[in-house]
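Chemist: Requesting a structural model of the entry that follows:
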Amino acid sequence: MANEITVYLGNKNYSSWSLRAWLPLKRTGAPFTEHVFRLGEPGVREKIRAVSPAGKVPALHHGEIRIWDSLAIGEYLAERFPAAGLWPEDPAPRAVARSVVAEMHSGFPALRTHMPMNVRRSSPGKGRAEGVQEDIDRIVALWRDCRDRFGKHAGGEFLFGPFGLADCFFAPVVSRFRTYAVDLPQNSVERAYADAVWNTPEMQEWRTAAANEKAVEPKYDV
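Modeler: Residues are numbered from 1 along each chain as shown. All right, here's what the predicted structure looks like:
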């Protein structure tokens, strides 16, 4: 079918970038087919390259359109399905939301390296290498700022009120904070926000799928 959507993902337990593409697609309400690659499987890079020029996931096919970056996928879905409200309507919060997403897309290298996403694992206190706390502090400050300036005034429990692309991009961080037991004080803005993301129906569906995956990939199961 000309308008059929297919999204290509990595293991749901490990692939944070895949989650960032899957969440906004799910929020559009559009029907789609998903294909999950086992990231540690021999020859998987060649299989992925057949659907993604970069040889990485996620990738999205919509008819003849091919998109192979999570941010580009999010932008495309926001334009193609405006009713999903993936960006704030007003220009000022929308500009900040884009800045937030871009910072997450390119930043926080210590957190990414030392606290990789692993939905099934519980590793309290692990991953506290140099630079990780600085990344955590910046993320928490960013969440507080967005909630204080925009979210609490717009209605909804998320960074800019309703659930949007910014929340999709920080959802893997919420998962990491759970895995590594990053302290978010009770009754704090950041704790309320993280709980709201964790308990969305979409995140619950992803978590269930990750828990049901049988594959353990030693390279990623840190």
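Chemist: Surely residue 171 touches residue 199?
Modeler: No: if you go by C-beta atoms under 8 Å, residue 171 and residue 199 don't touch, sitting 11.4 Å apart. Backbone N, C-alpha and C define where each C-beta goes, glycine included.
Chemist: ok, those two, which is more surrounded?
Modeler: Set side by side, residue 171 and residue 199 show more neighbours around residue 171, with 24 against 12, by other C-beta atoms under 10 Å.
Chemist: Strands of this protein, start to end?
Modeler: For the chain, strands defined by DSSP state E occupy the ranges 5-10, 33-37, 59-62, 65-67.
Chemist: and those, which is most packed in?
Modeler: strand 59-62 (a mean of 24; mean count of other C-beta atoms under 10 Å).
Chemist: Run me through the strand neighbours of that one, direction for each.
Modeler: strand 5-10 (antiparallel), strand 65-67 (antiparallel) (DSSP bridges).
Chemist: Tell me how far that strand lies from the chain's centre.
Modeler: Centroid separation between strand 59-62 and its chain, computed with C-alpha atoms, centre = their mean, to the nearest Å, is 17 Å.
Chemist: Stretch 54-66 too?
Modeler: In terms of C-alpha atoms, centre = their mean, the centre of stretch 54-66 is found 17 Å from the chain centre.
Chemist: For residue 22, see how far away residue 220 is.
Modeler: Distance from residue 220 to residue 22, counting by C-beta to C-beta, to the nearest Å: 17 Å.
Chemist: ditto for residue 198
Modeler: Distance of residue 198 to residue 22, computed by C-beta to C-beta: 16 Å.
Chemist: what's the answer for residue 120, then?
Modeler: Taking C-beta to C-beta as the measure, residue 120 and residue 22 are separated by 17 Å.
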